[in-house]
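The sequence and its predicted three-dimensional model are supplied below.
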Amino acid sequence: MTQSAFILKTTVRSLKLIGVMGALLGSGSVLASGYHFGTQSASNQGVANSGAAEVMDASTIFYNPAGLSRLDGTQVSGVLNVIIPDGEYSNIKTTTATGKATGGGNGGNFGVTTAVPHAYLSHQINDQLTVGVGMFVPFGSHTSYDEGWVGRYQTLDSQIKTLNLNPSISYKFNDTVSVGVGVSAQYIHGTLSKALDLGLAVNPALSGNAAYDGKSEVEGDDIGYGFNLGALFNLSDSTRVGVAYRSAIKHTLEGDLKFTVPARLQPTPIGASLKNTSASLYVETPESFSINAFHQINPEWAVTADYTWTGHSRFDEIRIKANGRADSVTVTNWSDTSRYSVGATYSPNQTWSLRAGLAYDQSPESNEAERIASIPDSDRIWYALGGRYNFDQNNSIDLAAIYVQLKDSTINRKPLDASERSAGSINGNYSVSSITLGAQYNHRF
């Protein structure tokens, strides 16, 4: 094995290990639209993610790599986010494949409280060149319903977990223009499970009978590669504008499809047909484009703004390919989205900075007939508060909190693909919100 091949193999193994460690910490949901995690630093979280052009610290590696040009010396930032979601479903009329009302509860609080870390390092080589590396969670979603809920044939547990390793470099042409570029190695792990209406196969009269329910679970992981670009323009000593692009990343998750069959059906042809096998799931995480601005009004007050477009339309279906079985397809037909955010920072002295922000985030799910219970999304508003305390010129801490309120929504989904027919239909209302807490420590060497 050549030295370069050995290094590549070792890097991939290390990234998988880091990804597993990140997966153990969980992945957030109900923060940003779709399955975006939503925030990668507590500093920018305090202004509802509107502060990319301000360049607060080394987390600029995620938001705009060109911002590295504004960081002196060597700097590190460590971040911990805790997401506390509250998701409730209220049933209207959910039916089995035979049109009979599905028995069961409303699924409980399907949101899962999770803690997610991020870390960043920047190093200034000279007046023009700065390098850095970030490790962060760009995408994550986790919903978990009670086993016997009415929508169990649609979903039980759904998880998407990612971890992105992102080396970056920035070049400062002059006092006006800086550019940056980064490459990404992204680990992804996914799990999807749902109940199976096996009573339907025995006798249509037994459809929806929980005693005949089985279960399927598919699990897999993958590593994909992408890039990000950015530019930062200093229009004056007090005003900056930035643009940034993060590419889509293609993944083919390879893993296993496992079945659970009730004891009474195991010796039957139905039980014999449901054997564990290998499976794959194709996922392409979406690209995004951002434009943002920063203006220092006076020594105490500054304002920030951001617009971000995300190509969620890449997620048009969930297709599970299993060895020896027909594809299982869930049609999604998501749309591209826009997020608008503004923020303000008040710094009464060199020790304290106080922040606030507001954001409106569009949902890729706008049609109740195509909404999916595994990611029940809708338009949302972010309300953000935060602050920074500088211990000295080299050490600081950021604290932030976001309350996210999703617009109440309805799901009225009937089978959109032949493979969905056995799941029946689901019709009900969703009420979803979350609180996200963030803490960040920054050190300059």
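Structure received. All values reported here derive from a predicted model rather than from experimental measurement. Numbering: from 1, shown residues only.

Isn't Glu365 up against Asp379?
No. Proximity of Glu365 to Asp379 does not meet the contact threshold set by CB atoms under 8 Å, at 9.4 Å. The way it works is simple: take the backbone N, C-alpha and C, and place the C-beta from them, glycine included.

who has more neighbours, those two?
Glu365 (24 against 16; other CB atoms under 10 Å).

so who does the more buried one touch?
Thr332, Trp334, Ser335, Arg371, Ile372, Ile375, Pro376, Asp377, Ser378, Ser409 (CB atoms under 8 Å, 6 or more residues apart in numbering).

Can you lay out the residues you listed as JSON lines showing neighbour count, pLDDT and distance to Phe233?
Formatted as JSON lines, these follow (neighbours: other CB atoms under 10 Å; pLDDT from 0 to 100; distance: CB to CB, whole Å):
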{"residue": "Thr332", "neighbour count": "21", "pLDDT": "88", "distance to Phe233": "37"}
{"residue": "Trp334", "neighbour count": "26", "pLDDT": "92", "distance to Phe233": "33"}
{"residue": "Ser335", "neighbour count": "18", "pLDDT": "93", "distance to Phe233": "31"}
{"residue": "Arg371", "neighbour count": "21", "pLDDT": "92", "distance to Phe233": "40"}
{"residue": "Ile372", "neighbour count": "20", "pLDDT": "92", "distance to Phe233": "40"}
{"residue": "Ile375", "neighbour count": "24", "pLDDT": "90", "distance to Phe233": "36"}
{"residue": "Pro376", "neighbour count": "26", "pLDDT": "91", "distance to Phe233": "40"}
{"residue": "Asp377", "neighbour count": "28", "pLDDT": "92", "distance to Phe233": "34"}
{"residue": "Ser378", "neighbour count": "21", "pLDDT": "93", "distance to Phe233": "35"}
{"residue": "Ser409", "neighbour count": "19", "pLDDT": "95", "distance to Phe233": "39"}
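
What pairs with the host helix or strand of Gly190, parallel or antiparallel?
According to DSSP states H and E, Gly190 maps onto strand 177-197. Strand 177-197 has its sheet partners listed here by DSSP bridges as strand 157-172 (antiparallel), strand 213-234 (antiparallel).

Go through the shortest one and flag the buried ones.
To tie it back to what came earlier, the one meant is strand 157-172. 157-170, 172 (16 or more other CB atoms under 10 Å).

now do the longest one
Across strand 213-234, burial judged by 16+ other CB under 10 Å covers 213-224, 226, 228-232, 234.

What of stretch 337-348?
Thr337, Arg339, Ser341, Val342, Gly343, Ala344, Thr345, Ser347.

Whichever strand or helix holds the third one pairs with which strands, and in what direction?
Put plainly, it is Ser341. Using DSSP H and E, Ser341 sits within strand 337-346. Applying DSSP bridges to the sheet, strand 337-346 is found paired with strand 301-310 (antiparallel), strand 352-361 (antiparallel).

And the contacts of that strand?
Contacts for strand 337-346 (CB under 8 Å, 6+ apart): 32-34, 46-51, 54, 300-310, 312, 353-364, 382, 384.

One more pass at 6 Å, please.
33, 47-51, 301-310, 312, 353-362, 364 (CB atoms under 6 Å, 6 or more residues apart in numbering).

and if you look at stretch 281-300?
52-54, 139, 220, 238-253, 302-312, 314, 320, 347.

Kindly write the ChimeraX command that selects the buried subset of those residues.
Those of the contacts of stretch 281-300 that count as buried under 16+ other CB under 10 Å are selected in ChimeraX with:
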select :52,53,54,139,220,240,241,242,243,244,246,247,249,251,253,302,303,304,305,306,308,309,310,311,312,314,320,347
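
about what we covered before: heading C-terminal from the strand holding Gly190, find the next helix or strand.
Heading C-terminal from strand 177-197 (DSSP H and E), you reach helix 199-202.

Now that next one: average pLDDT?
Averaging pLDDT along helix 199-202 gives 93.

Now do Ser273 against Gln154, distance only.
Using CB to CB, to the nearest Å, we find Ser273 at a distance of 22 Å from Gln154.

Pick out whichever of the two has more residues nearby.
Gln154 (24 against 11).

Wasn't that one part of a helix?
No. Read with DSSP: H, G, I helix; E, B strand; the rest coil, Gln154 is coil and lies in no helix.

got a pLDDT number for it?
94.

Leaving out sequence neighbours, find the closest residue to it.
By the measure of CB to CB, 6 or more residues apart in numbering, the closest residue to Gln154 outside its immediate chain neighbours is Ala373, 4.5 Å from it.

does Phe315 really touch Asp336, like I thought?
No. Between Phe315 and Asp336 there is no contact under CB atoms under 6 Å: 10.4 Å.

Which one of these two is surrounded by more residues?
Phe315 (19 against 15).

dump the residue contacts of that one.
Thr332, Trp334 are the contacts of Phe315 under CB under 6 Å, 6+ apart.

how does it look with 8 Å?
Gly34, Val283, Glu284, Pro286, Thr332, Trp334, Pro364.

Quick check: the gap between the first one and Leu192.
Taking CB to CB as the measure, Gly34 falls 16 Å from Leu192.

What of the second one?
From Val283 across to Leu192, the span is 11 Å (CB to CB).

and what of the third one?
Between Glu284 and Leu192 the distance is 16 Å, computed by CB to CB.

and those two? which has more neighbours close in?
Leu192 (24 against 15).
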